[in-house]
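>>> here is my input; please provide its structure:
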Amino acid sequence: MISKGCKVSIITVVYNGAATIEQTILSVLNQTYRNIEYIVIDGESTDGTQRVIEKYKQRITYYVSEKDDGLYDAMNKGIRRATGEIIGILNSDDWYENNAVEKAVQYFAGHDAGILYGRLMLVYPDGSQRLEHLLPLETLWYQISVSHPTVFVKKCIYEKYGGFRTEYKIAADYELLLRLYCEHIDFGFIDSVLTYFRVGGISAQKGEQSYQESMEVSQKYIEKYSDRKEELRNKLVNVRKADWFYLKIKTDKTLLPQLIYTYFQEEVAEIMIFGTGDWGTNCYELLKEEKVKIKLFIDNDMSKRGHFFHNIKIVTPQELPGEKIFVLIAIKDRQEEIKEQLKELGKSSIRCAGLNDLMNAYYQKIKSMKGNR
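Okay, here's the model as predicted:
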């Protein structure tokens, strides 16, 4: 068990993060928990990051600015330097809730878990925020169901099982978590926000590489450690097939409107989007660029009724108009359930397509193109 007054090491690695690192630093220095060792590893930034760090140097336990071999090499440097019983890693464009460390220590003091994670709040470029959708821990085999920015790990776990594998440039955090999960380390969970995460980091910018690396990690551990190989292989294929499709429609800006036209077999100049999460935003941005008018957003959450999302009104399904409308179900799960819900409203004028419908149309199109070669 960890004592309630134990030392906690927080590590921030940064390269050219002048625009955001001050908020990161202050979120650590202003924690309600005081016994914190703060370690900052800079990769010889050239944008003024070092000037920001220097402002707080007297309150930072250890700070170095030197060349490294990338993000995970810098994190490993910090782990080797850490002397706390618990280690948290906070990236230079994220920040902690002000009592995040206190909550982590309280949890470890009362539980035997080796790893702890919590909820992540997504922060978008326009300043809006959304609580990240929580995935079951057991799906970690084939998807990233633990948000690394919220993770705290006992130092003894790093000492026994090692740190980040630097051959992975983007998915080493996922590899570490899955490796420890396969070693049957207990994962603890706090159902409250620990960390705020700015959307648009390195894994988002290098989507295809992130996809390939995380796929490789999943396959490696399913084959090596699982006695449910066939079941997990099938789930991995389905999840990654969807991930690849979502990556494609994000990188090819014209693909989503093309697939909507193919699915509905007619031009769609005005559409409603069901879903006010990540994919509601993604579809809004893509269709806006193609000048498809988003008439309304739809959400089953009554607390959102009458509010606005991207300056467009949110309605419940029961409030949908009676005339002919097109609905895009912009969420990753429960798409068939929502289609049934819309059908039960008794409005035959509603024509709806889920992202899975468009994905199947996309892969069917690819398959037919290959068959015609």
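
>>> the residue nearest to W141 when sequence neighbours are not counted: helix or strand, and which one exactly?
Among residues not flanking W141 along the chain, L232 sits closest, at 5.1 Å (Cβ to Cβ, 6 or more residues apart in numbering). C-beta coordinates here come from the backbone N, C-alpha and C atoms, glycine included. Here L232 sits within helix 229-251, counting by DSSP states H and E.

>>> now that helix: mean pLDDT?
Across helix 229-251, pLDDT averages out at 87.

>>> likewise for stretch 171-183?
97.

>>> pull out the buried positions in it.
A171, A172, D173, Y174, E175, L176, L177, L178, R179, L180, Y181, C182 (16 or more other Cβ atoms under 10 Å).

>>> stretch 78-92 now?
Neighbour-count burial for stretch 78-92, with 16+ other Cβ under 10 Å as criterion, is recorded at G78, I79, A82, G84, E85, I86, I87, G88, I89, L90, N91, S92.

>>> list the helices and strands the host helix or strand of the second one packs on?
By that I understand I79. Following DSSP H and E, one finds I79 within helix 71-81. In terms of contacts (3 or more Cβ pairs under 8 Å, 6 or more residues apart in numbering; DSSP states H and E), helix 71-81 is packed against strand 8-14, strand 36-42, strand 86-89, helix 172-182.

>>> count of residues packed around the residue nearest to W141?
Number of residues near L232 (other Cβ atoms under 10 Å) recorded here: 19.

>>> now swap in S218 and tell me
Neighbour count of S218, defined by other Cβ under 10 Å: 25.

>>> just confirm it contacts L178, I think it does.
Yes: between S218 and L178 there is a contact under Cβ atoms under 8 Å: 7.4 Å.

>>> what do the two both touch?
Common neighbours of S218 and L178, using Cβ atoms under 8 Å, 6 or more residues apart in numbering, are W141.

>>> re the thing from before, contact partners of the helix holding I79?
Contacts to helix 71-81, defined as Cβ under 8 Å, 6+ apart, come from residues 9, 11-13, 15, 39, 41, 43, 62, 64, 68, 87, 89, 155, 158, 163-166, 168-169, 172-173, 202.

>>> go ahead and build a PyMOL selection from the buried members of the residues you listed.
Of these, the buried ones can be selected in PyMOL as follows, counting by 16+ other Cβ under 10 Å:
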select buried, resi 9+11+12+13+15+39+41+43+68+87+89+155+158+163+164+166+168+169+172+173
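
>>> and I144, what element?
Assigned by DSSP H and E, I144 falls outside every helix and strand.

>>> out of the buried residues of stretch 78-92, what pair is the most spread apart?
The span of those, defined through Cβ to Cβ, is set by E85 and S92 at 24.1 Å.

>>> mind listing the helices for the stretch 251-373 of the chain?
Secondary structure of the stretch 251-373 of the chain, counting by DSSP state H, counting those that start in this stretch: helices at 255-264, 278-289, 335-344, 355-371.

>>> where does I53 sit: helix, strand or coil?
Secondary structure for I53, judged by DSSP: H, G, I helix; E, B strand; the rest coil, is helix.

>>> which pLDDT value belongs to it?
On the pLDDT scale, I53 gets 97.

>>> which strand or helix spans A109?
helix 100-110.

>>> now that helix, how far from the chain's geometric center?
Centre-to-centre, helix 100-110 and its host chain are 23 Å apart (Cα atoms, centre = their mean, to the nearest Å).

>>> for that helix, which helices and strands make contact with it?
Contact partners of helix 100-110 among helices and strands, from 3+ Cβ pairs under 8 Å, 6+ apart: strand 8-14, strand 86-89, strand 115-123, strand 152-154, strand 187-198.
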